[in-house]
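# fold the stuff below for me.
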Amino acid sequence: MLSGVDALFLTKLDILSAFEEIRICTGYQFGGAKVHFYDLDSYQLGRVKPIYETLPGWHSDIRDVRKFSELPPEAQAYVERVEELVGVRVGWVANGPEREALMERDS
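Here you go, the predicted structure:
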């Protein structure tokens, strides 16, 4: 909201295809309490413990997929979860290094 971002560009989705599970860091713990990174100094940041949420991977080659709706359901769920966590819509997804690998998100 501060920068006026109304859509994200999510890259490297194809690289995540190699994993059985995808972990998303959803927060941090310091001294047994959940904290925000901006509440800590640089010394404390080196001692935080990440809090992860684990999603199932899709473990399939998606490099030739050119429509979001044709991605495996697990890949779509990952993108949707990122949206929920950051509170901003993912408008584009890249699933490979080629310019053609860019997908505009289906409405």
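# show me what contacts the spatially closest residue to A7 that is not a sequence neighbour?
Using CB to CB, 6 or more residues apart in numbering and skipping residues adjacent in sequence, the residue nearest A7 is G91, 3.3 Å away. Glycine gets a C-beta too; all of them are placed from N, C-alpha and C. Residues near G91 by CB atoms under 8 Å, 6 or more residues apart in numbering: 7-9, 104-105.
# the protein: helices as residue ranges?
Assigned by DSSP state H, the chain shows helices spanning 42-45, 73-86.
# pick the most deeply packed of these.
Highest mean neighbour count among those (mean count of other CB atoms under 10 Å): helix 73-86, with a mean of 15.
# these two touch, right, Y28 and P50?
Yes: counting by CB atoms under 8 Å, Y28 touches P50, with 5.9 Å between them.
# just give me the neighbour total for Y38.
Neighbours of Y38 under the rule other CB atoms under 10 Å: 6.
# tell me the contacts of it?
Y38 neighbours (CB under 8 Å, 6+ apart): none.
# relative to C25, how far out is it?
Here the criterion is CB to CB, to the nearest Å. By it, Y38 lies 15 Å from C25.
# cool, thanks, talk later.
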